[in-house]
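Coordinates for the following, if possible.
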Amino acid sequence: MFLFLTTIRHPGNANNFDTILKLLKHTIESVLQQQTQFEFKLVIVCNEIPQIDILSDKVHFHVVDFPPPGKEKANEQTLYNMQLDKGTKLASGLIFAKQFSPTQVFIIDSDDWVNSHIVEYVMSNKQEHFWFADSGYLLNYSNKTYIRKYGLCRYCGTSFIYSYSILMQMLGLDKQLSNKLNQPDIIDAIAEFELLNILGNHRFQFGYFLKYDIRFKALPFKSICWILNTGENHSGKNGGDMGLPVTHELLNDFGVVDEYSPSAKQATIKDILGEQIARITSFLGWIRTNKKAYKV
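Prediction:
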């Protein structure tokens, strides 16, 4: 069974919690549109069950009673507080998901979109246990534009697919732990680096797993949409002004067919050239990146 796992921000740390729920609905729609013969589920770790209508037995909400990580909102949150909140929520979600006996787990951000063929491809290639999102799109949510990006794992939290059993062993969560652990228990159970930088971040995976002779294989298609300019991104980035208008074809590839509409604009020569320059720059930057570095 393939598991998607995500977390949502504490309501007290949101600029606008309604926006977070709207973005979450896009993500859920994207996940549920997987074109596959294989079983999959989505676990959402949250502080309260959101008031959104989800008619699917593939979606499970796991409620934790963790306090808000500070008083700051959205991108004003400190990196440490964000990583601690995300890391402990993901750990709790991994323990909760044991009941489904997953073989692979894809940790995703709750505002990003995933290609509708990911589950089918990964589960049809079971000889590989670890995958990463290489190419995909940076999508400016407000402007309804996109650019092609490479090495998205450098920027986006929707990046890595793990062997569930190996990840649990490495984190020390393969023991018989209750899914009702409180946050201090989880902090005590997992080493700080793994909690903050493997679960709570996405920049250290290549170097950390390489120590155990584990290498991630690139998904050979545009696998994710990194969604920016929503008003709730922790990075605070907006995606810039350059990009091509979002099309029906792109939305269909990522299963977002009801909750978000394509752009009504036509691409100009300036748009096309700007996007090509951004794509080539991203491609060359990823080629030059040291994939064995401590932090990629």
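
Low-confidence stretches in the stretch 151-296 of the chain?
Scanning the stretch 151-296 of the chain for pLDDT under 70 picks out 234-240.

cutoff 90 now
In the predicted model, the stretch 151-296 of the chain carries pLDDT under 90 at residues 174-181, 231-242, 257-259.

Look up which helix or strand residue 188 falls in, please.
helix 183-189 (DSSP states H and E).

Following the chain onward from that helix, which element is next?
helix 192-193.

What is the helix of greatest length in the chain packed up against?
Ranked by residue count, the top helix of the chain under DSSP state H comes out as helix 269-288. In terms of contacts (3 or more CB pairs under 8 Å, 6 or more residues apart in numbering; DSSP states H and E), helix 269-288 is packed against strand 145-149, strand 244-245. For glycine as for every other residue, the C-beta is placed from the backbone atoms N, C-alpha and C.

roughly how far apart are residue 275 and residue 243?
6 Å (CB to CB, to the nearest Å).

Those two: which is more packed in?
Comparing residue 275 with residue 243 by neighbour count (other CB atoms under 10 Å), the higher total belongs to residue 243, at 23 against 18.

and the more buried one, what does it touch?
138, 140, 143, 145-147, 271, 274-275, 278 (CB atoms under 8 Å, 6 or more residues apart in numbering).

Residue 124 now?
Residue 124 touches residue 38, counting by CB under 8 Å, 6+ apart.

before we move on, could you check phi and psi at it?
phi -90, psi -10 (degrees, to the nearest 10).

out of the helices and strands packed on helix 269-288, which comes closest to residue 18?
strand 145-149 (23.6 Å; CB to CB).

isn't residue 286 right next to residue 148, touching?
No. At 11.4 Å, residue 286 and residue 148 do not qualify as touching, with contact defined as CB atoms under 8 Å.

do you know how far residue 182 is from residue 175?
17 Å.

between the two, which one's more packed in?
Per other CB under 10 Å, whichever of residue 182 and residue 175 has more neighbours is residue 182, with 13 against 9.

for the closest residue to the more buried one other than its chain neighbours, helix, strand, or coil?
The shortest distance from residue 182 to any non-neighbouring residue, by CB to CB, 6 or more residues apart in numbering, is to residue 65 (7.2 Å). Per DSSP: H, G, I helix; E, B strand; the rest coil, the local secondary structure of residue 65 is coil.

what's the burial count for residue 65?
9.

Now do it against residue 153, distance only.
32 Å.

now do residue 247
25 Å.
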